[in-house]
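Novice: next input, structure requested:
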Amino acid sequence: MLLLDEETVDHYYSQVQGATHEPKAGGWTYSCDTHVPDFTFLLKEYRGTIPGNLITYGPAVRNGTMCFGGIQPRLSNIPFDIWGEIMFKAQFVVFDGGEHPRLGFAPKSVAKSLVEEDENEDEGEDGEEDEEKPPLSSSSV
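Specialist: Modelled structure (predicted):
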């Protein structure tokens, strides 16, 4: 879920056919068969995209005809945005908590291609797999 300022959320759902803000459902809903557009965001100089197929959080009602959007307005007393699950499904995120903390982003398609390259490098010149490497840990990033 992304909890963002109301203006951003309202602008996004103005592009979703049939989307309505339903306080009884807890936020923005739309027909589950509605095409949902991608959401593009800027964090400092990074421009990221969350594909529309990841925006739907789930059914808003038991019969599954209306869905609850994964982008919702934050409470008015919260002065910051909350970037949750749908952003992490679309982005590879690295947290560096070192002396100078920082946060890095890359689209998942880039992360996937890096994993594929690493798997290809595991094979030695004779076509057999090299010694298994230990997985990266958060302390080695």
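Novice: helices or strands next to the helix or strand where His21 lies in the packing?
Specialist: Secondary structure here is read from DSSP states H and E; on that basis His21 sits in strand 20-22. Counting contacts by 3 or more CB pairs under 8 Å, 6 or more residues apart in numbering; DSSP states H and E, the secondary-structure elements packed against strand 20-22 are strand 27-31. Yep, even glycine has a C-beta here, placed from its N, CA and C like the rest.
Novice: what's downstream of the strand it packs on, the next helix or strand?
Specialist: Remark: after strand 27-31, the chain's next helix or strand is strand 39-43, criterion DSSP H and E.
Novice: now that next one: mean pLDDT?
Specialist: Per-residue pLDDT values over strand 39-43 give a mean of 92.
Novice: on contacts alone, who are the packing partners of it?
Specialist: So strand 39-43, by 3+ CB pairs under 8 Å, 6+ apart, packs with strand 46-50.
Novice: what does the strand it packs on contact?
Specialist: Contact with strand 46-50 is made by 2, 38-42, 86-87, 89-91, 105, 107, as judged by CB atoms under 8 Å, 6 or more residues apart in numbering.
Novice: any idea which helix or strand comes after that strand?
Specialist: Next along the chain from strand 46-50, counting by DSSP H and E, comes strand 56-59.
Novice: is it true that Gly104 touches Val94?
Specialist: Yes - Gly104 is in contact with Val94 according to CB atoms under 8 Å; the separation is 4.2 Å.
Novice: what about Gly98, distance to Phe88?
Specialist: In this structure, Gly98 and Phe88 are 21 Å apart, going by CB to CB, to the nearest Å.
Novice: those two - which one has more neighbours?
Specialist: More neighbours sit around Phe88 than around the other of Gly98 and Phe88, counting by other CB atoms under 10 Å; the figures are 13 against 8.
Novice: what about that one, is that helix, strand or coil?
Specialist: helix (DSSP: H, G, I helix; E, B strand; the rest coil).
Novice: ok, it to His100 distance?
Specialist: Note on Phe88: its distance to His100, by CB to CB, is 23 Å.
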